[in-house]
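S.K.: Sequence first, predicted coordinates after that:
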Amino acid sequence: MICGLPPGLFLLLGAALVPVAGRFRPLVLLLAPAVALAQVLTLPANASLQISYLGETLELVRVDTLSRLFGIMFALVALLGGLFALKQESKLDLSACFLYAGAALGVVFAGDLLTLFLFWEVMAVAAGLIVWAGRMIDSYGAAFRYLLVHLLGGVLLMAGIALRASSGAGLEFGVIGLEGGLASWLILAGFLVNAGAYPISAWVGDAYPESSYSGMLFLASFTTKSAVYVLLRGFPGTELLIPIGVVMALYGIIYALLENDMRRILAYSSVNQVGFMVTGIGIGTHMSLNGAASHAFAHILFKGLLVAAAGSVLLRTGRRKCSELGGLFQSMPVTMFCAVVGAFAISAFPLTSGFVSKSMINDAAAHEGMRLVWFLLTAASAGVFLHAGIKFPWFVFFQKDSGLRPKDPPWNMQAVMIVMAALCIGIGVWPGPFYALLPFEVSFEPYTSEHVIKMLQLLLFSGLSFFVLLPLMKRTDTLSLDADWLWRVLGPMVGRGLARALAAVSSALGRAVAAAGSSGRRALAGLAGQGGMSATVETGVAILVLTAALTVALALSLDVRELLAS
Amino acid sequence: MISTHLPILQVLVPLLAAPVLALLRGRTLSYLVATGFVVVAFLIAIGLTIQVVHTGAVSYAIGNWAPPLGIEYRIDELTVIMLLMVTGIASAVLIGGGQSIAVEIPERRAPLFFALFCLNVAGLIGMTVTGDVFNLFVFLEISSLSTYALVAMGRDRRALTAAYQYLVIGTVGATFYVIGVGLLYMMTGTLNMADLTARVSGVESTLTIKTALAFLFIGLGVKLGMMPVHFWLPNAYAQAPSTVSAFLAGTATKVAVYVMLRIVFGIFGIGIFTSSYLADVVIALGIFAMVAASVSAIFQSDAKRLLAYSSLAQIGYILFALGLATEAGLTAAILHLFNHGLMKATLFLALTAVALRLGRTRLEDFDGLAQAMPATMLAFAVAALSLVGVPLTIGFVSKWYLLAAAFDRDGVLVAAVILGSSLLALLYLWPLVERAYFRKRPAGAPEIEEAPLALILAMWALVAVNVFLGVNSQFTVNLAANAARHLIGAVP
C-alpha cells in the first residue's frame, strides 16, 4: 500500500496537522494512526526504502518479523491513544504525542543506525514536550530532567554509532553484540538509558506521572518498548543483560510498593516489566527472545489499560494519590472492571495475555539451568501481583470510601479501555494467532497443568500476603512507610540486603552527582563567572598576553638549540 | 562578458557603495541604497558559485596584469562558500535590521553607518577572493577599521571602550600578520599565494620562514578569536549595535579562519603543519576553547555576551578539526565554519529583535518572551537546537563530521570532549529558552509587540536555510569536501 512509505510518516503528518485541523481534529487523531496501522500491516515482507544523507545510504524502511511485530503494536497503541485523547484540548500535547509515536515507528523500521539515531532524538524531544504539556505542578522540571537524561543517552548512542562507522563496521543495524569494543558498549549504554536500566531508571517515575491524563498512555508505551526492540535486534544473548534485567525487575517492585501516587506506581511497574524483557533478551535462546518480544506486546496492552484507567480517574477526580482515592467502584464500574482485567493481565493470571508471554521468559531461564535467575524472576512475578495487580486497583477503586462519586470517563475513553481489556483476555485465551507474529517459531505450550498450578499458587499466596499485610500496606497513606519492617516481612521475596543496597546505591549516586554538581558549579562560578576567564581584561594586559603568546609561538617554532648553534 | 568580471565586481560593488553612501543624506535613502548594493553582491556570489560548480576554480587577473606580478583573484569551492555566507548574512541583516538600525543609530550618522557596513562587507569579501597576501592585508585593514568604527556606534558608552580595545588589539594582530608577510617576502620575493606555495617548499626549514609562520599564526589567531588571545571579542559583540553583532558573529571571525586555512595549508602546506608544533598546539587550543568558553558562557548574565562566548567555543571546534590536518578534519572544519556562521547569525538576529523591543538583552528580560514574540523566540529556539546539534539541523551535520574526523584519528577522548561540550551548549542555551517559554512576563512589564515583519522574515529565511541544509546536506558537504581535498592536495 502507498508504495513503501515509512508508516511513521503518517503519524508525523498527523502531528503537523493537529494544530491546524480545527474541527477536523478528531478525524486527524483517528485517521493518521489508522493509516499508519494499515501501512504496517500491508508493507510487503522485504520492503525497503533508501535515501541518502550525510553521504551514507539510509534505510528508512526495513521490514521483517521483528519490526512488523513492534510496528503493529506501536501503530495499534497510537490508534487507541488517538481515540483516548479525542477530547484532549491541548494541541501541543496531542501534536507531541503523535510526533513521539511517529518517531517510535521510525525507530522500529530503521534499517541503519543513523536513521535509528535521528528518530531516537526526535522521540526524546517529543517525550519531553509531552511531559511539559502535562501542566502538572512539576511538569517543567520533570521535562527538563527527562530531556537531560535522554540527550545524554543520545550523546552516548551517537558517539557509539560514529565510532562504529569510522571503525569500518558500517551503519547497518543488525546484531551488534559486545565484541565490537568501545563502540558497542557506548551503543548499549545509549539503549539502556531509554530502557530505564538501573541506576538510570529514576526518570521513569519522575517524568511519566507529570504528563497529562492522555499523554502518559503514549509515554508508557514507546520509550522503554522501543529500547526493548533495539536491544532485541542489537544485543540478543548478551549475558550482561541478565543481571541488569533482574535488578530492574526487583527495583521496580520495591519502588512501586513504596509509592503513593497511582501513576508513579504504574511507572515503576514499567521498569519492573521491562526488566523481565531485558532478562529475556540476555538469555538469548529462541524461546526467551520470543518471550521478550511477546511480553513487550502484551505489556503495551495491559500497561496501556492500567494507565488509561488511572488517566480516567485523574481526569474525573483530579487526584493522583492512593491515599486520597478509594471506593470509586461505585460510580466508575467500567473503569474499575477494565483496571481489574489489566491488573490480572500484568500479574500473569492464566487466561490473560501476561500469562502466555511472561511464562516463556521464566521457562527459558529454567531451560538454561539458570536457577538463581529463575528464582528471582519468580519472586518478582509475585511482587508484580502485589503492587500492580492488587495495590493499584485496591487503593483506587475499593478500600475505604473516599466519598468521591465521579462518573465513568467519556465514551471514547471507555471504548479504549474495553478494547484493550478484550485484547488482554483474547490473547490469553487464544494465543495461537499472537504466537504466529513472533520472530521465531513457537513450540511453547502455555496451558500445561504445571504452569497453571504454579502460577496460581504464586498468585494466591502473594495475594494472601497482601491482605494479611494490609495494615502495613495502608501506611502508604502517610508516605512514611516503615521500610525496614516491610523488607523484613517480604524477606523471602525481596531480600533485605538487596533492597537496602539498591536504595543506598541509588541515593548515593544522586547525592554524589548533586554534590559534584553544586561544588563544581561554585568552583566554576568563581573561575569563569565573575573573575577568571570571562572578566573584562584591561587593554594593556591583553597586549601583554598577546606578546607572551607570540613569544611562546616563536620559541616553539624555532628550535632553541638550533638558534644557539647559529 | 560581464560574467567573466564577476570576481572583481564582487569586491567593487560593496566597495563603491561606501563613498556613494557617505555622500547621501537621510536614513531611508541610504538604507535602501546600502541594502540594494549588498543584495546585488549576494546575487553575484550566487553567480560565482554557479560558475565554480560548473567549470571549477576561476582565476582573475586585476587589470589584466598576469600573476604573479599582478594581483590575482582566485575563486574556488572554499571561496564561494565564504562568499555566499558573507553576502547572504549581510543581506539578511540589512533587510531585517532596518528598524533596529533606525532605533540604535542617530539619523545624521545613518549614511555613515551604512557606508561603514558596506566597507566592512567589501573588506571581508576582498580577504576571501584575493590570491595575494599583501592585498589580503589591505582588505583586512579595511574590514578591521570599519569594524572598530561600527562597534563604537553602539548605544552605550561602554561601546567606546570595547571599540578602543578592539582597535589596539586588532592592530597588533594585523601588524603581526604583515610582519609575517614581510618575512615571507624576504625569503621568496613574491606575494602571490600560488607562487608562494611553490617557492616556500624549498626554504621551509629556514629560521625566517619559521618566524613568519609564528607571526602569521598569532596575528590571525587574534582576528579569529582564538582563546587565549580573544579578549576583544566578548566586549565587541556585546556592545556593538545589534545588527553589527549579528553580522560580525556570522562572518568576521569566520573569514579570519578562512585566511588561516589559506595561509597555513595553502602556502606552508600540510607538511610543515604536521611536522611542527603547530598541529598539536592548534588541537590543544581548540579543545581548551571548547570547554573553557562553553563554561564561561554558562555564567553570563547578558544574552549577547553569552552568545559571544559560545562563538569562542565554536571557533574551538573549528580549530580542533583544522588541527587534525586530515581530509576529514578539514571537511569538518569548513562545514562548521559555514554552519556556525549561519546559526550564530540567526541567534543574533533574534537578539536584535529582543533588543529592539526591550532595549536590552539581559537573561531576565527573556521571561515570558515567547508569549509576546512567538515568531522570534521560535526562531531562536530552532537555531539553539541547531547549535546543540539536534538531528535534521546543520548543527547535527557539523557534529557528525567533527566526530567522524575525531574518530578517524583515534581521538576517542576528544570525541568525548566534543559531545560533552555540546551538552554544555545545551546548558547555556537552555536558560534562555526556559525563561522565554516556561516563565511568565514579570508583573508590570511593558506591553511589547512581535518584531517587525522584515526582521522576522530575515530570521526565518536563515532558519529555513539552517533546516534545509540540515536535511539536505549534500550541497555544502560536497563543496566542503572538495575544498578540503584541494587544500590538502595543494602540496602533494
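M.R.: Sure thing, it's come through. Numbering: from 1, shown residues only, chains lettered A, B, ... in the order given.

S.K.: how deep is residue A:215 tucked in, by neighbour count?
M.R.: By the measure other C-beta atoms under 10 Å in any protein chain shown, the count of residues near residue A:215 is 31. For glycine as for every other residue, the C-beta is placed from the backbone atoms N, C-alpha and C.

S.K.: In contact with it, which residues?
M.R.: Contact analysis of residue A:215 by C-beta atoms under 8 Å, 6 or more residues apart in numbering or on different chains lists A:85, A:93, A:96, A:97, A:130, A:131, A:133, A:134.

S.K.: which residue packs closest to it, ignoring adjacent ones?
M.R.: Once flanking residues are discounted, residue A:215 sits nearest to residue A:130: 4.4 Å by C-beta to C-beta, 6 or more residues apart in numbering or on different chains.

S.K.: Just the pLDDT at the one you found, thanks.
M.R.: On pLDDT, residue A:130 comes in at 90.

S.K.: Could you check how far it is from residue A:360?
M.R.: With distances taken as C-beta to C-beta, to the nearest Å, residue A:130 is found 32 Å from residue A:360.

S.K.: now do residue A:404
M.R.: Here residue A:404 is placed at a distance of 40 Å from residue A:360 (C-beta to C-beta).

S.K.: Tell me which helix or strand comes right after the least confident helix or strand in chain B by mean pLDDT, heading toward the C-terminus.
M.R.: For chain B, using mean pLDDT, DSSP states H and E, the weakest element among its helices and strands is helix B:269-275, scoring a mean of 74. Next along the chain after helix B:269-275, taking DSSP states H and E as the criterion, comes helix B:278-298.

S.K.: Contact partners for the closest residue to residue B:77 other than its chain neighbours?
M.R.: Nearest non-adjacent residue to residue B:77, counting by C-beta to C-beta, 6+ apart: residue B:483, 4.1 Å away. Counting by C-beta under 8 Å, 6+ apart, residue B:483 makes contact with B:76, B:77, B:78, B:81, B:330, B:331, B:334.

S.K.: Quick check: ChimeraX command selecting the buried ones in those residues.
M.R.: This is how ChimeraX selects the buried members of the contacts of residue B:483, with burial counted by 16 or more other C-beta atoms under 10 Å in any protein chain shown:
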select /B:76,77,78,81,330,331,334
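
S.K.: Quick check, pLDDT for the spatially most central residue of chain B.
M.R.: Computing the C-alpha centroid of chain B and ranking residues by C-alpha atoms, centre = their mean puts residue B:251 first, at 2.5 Å. At residue B:251, the predicted lDDT confidence score is 89.

S.K.: so it sits right up against residue B:86, yeah?
M.R.: Yes. If you go by C-beta atoms under 8 Å, residue B:251 and residue B:86 touch, sitting 4.8 Å apart.

S.K.: Determine the residues that are contacts of both of those two.
M.R.: Counting by C-beta under 8 Å, 6+ apart, the residues touching both residue B:251 and residue B:86 are residue B:124.

S.K.: Get me the contact residues on the stretch 1-150 of chain A for chain B.
M.R.: Counting by C-beta under 8 Å from any C-beta of the partner chain, the residues of the stretch 1-150 of chain A close to chain B are A:52-55, A:117-118, A:121-122, A:125, A:132, A:140, A:144, A:148.

S.K.: would you turn those into CSV with neighbour count and secondary structure?
M.R.: Below are the residues of the stretch 1-150 of chain A next to chain B laid out as CSV (neighbours: other C-beta atoms under 10 Å in any protein chain shown; DSSP: H, G, I helix; E, B strand; the rest coil):
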residue, neighbour count, secondary structure
A:52, 11, strand
A:53, 22, strand
A:54, 15, coil
A:55, 14, coil
A:117, 25, helix
A:118, 21, helix
A:121, 24, helix
A:122, 22, helix
A:125, 20, helix
A:132, 26, helix
A:140, 18, helix
A:144, 17, helix
A:148, 17, helix
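
S.K.: helix or strand right after the lengthiest helix in chain A?
M.R.: Taking DSSP state H as the assignment, the helix of chain A that covers the most residues is helix A:286-317. Once helix A:286-317 ends, the next helix or strand along the chain (criterion: DSSP H and E) is helix A:333-346.

S.K.: what's the angle between that following helix and helix A:286-317?
M.R.: Using axes from the mean of the first three to the mean of the last three C-alpha atoms, to 10 degrees, the inter-axis angle of helix A:333-346 relative to helix A:286-317 is 160 degrees.

S.K.: Show me what helix A:333-346 is packed up against.
M.R.: For helix A:333-346, the elements it packs on are helix A:286-317, helix A:353-367, helix A:392-397, helix A:411-429, judged by 3 or more C-beta pairs under 8 Å, 6 or more residues apart in numbering or on different chains; DSSP states H and E.

S.K.: out of these, nearest to chain B?
M.R.: Checking these against chain B by C-beta to the nearest C-beta gives helix A:286-317 as the closest, at 22.4 Å.

S.K.: Can you spell out which helices and strands pack onto that closest one?
M.R.: Under the contact definition 3+ C-beta pairs under 8 Å, 6+ apart, helix A:286-317 sits against helix A:65-84, helix A:215-234, helix A:262-283, helix A:333-346, helix A:353-367, helix A:392-397, helix A:411-429, helix A:431-436.

S.K.: Just name the most buried of those.
M.R.: Mean neighbour count (mean count of other C-beta atoms under 10 Å in any protein chain shown) peaks for helix A:262-283 among the helices and strands packed on helix A:286-317, with a mean of 29.

S.K.: So what's the model's average confidence on the helix or strand harbouring residue B:332?
M.R.: Counting by DSSP H and E, the element that carries residue B:332 is helix B:327-358. Mean pLDDT, helix B:327-358: 90.

S.K.: Report the inter-axis angle for it versus helix B:278-298.
M.R.: Using the same axes, to 10 degrees: helix B:327-358 against helix B:278-298 is 30 degrees.

S.K.: and helix B:327-358, how far out from the chain's middle?
M.R.: Taking the mean of its C-alpha atoms, helix B:327-358 sits 8 Å from the chain's own mean (C-alpha atoms, centre = their mean, to the nearest Å).

S.K.: Can you name every helix or strand that that helix contacts?
M.R.: Under the contact definition 3+ C-beta pairs under 8 Å, 6+ apart, helix B:327-358 sits against helix B:77-104, helix B:242-261, helix B:303-324, helix B:374-388, helix B:394-408, helix B:453-471, helix B:474-489.

S.K.: between those helices, which gets the lowest average pLDDT?
M.R.: Here the lowest mean pLDDT among the helices and strands packed on helix B:327-358 goes to helix B:474-489, at a mean of 82.
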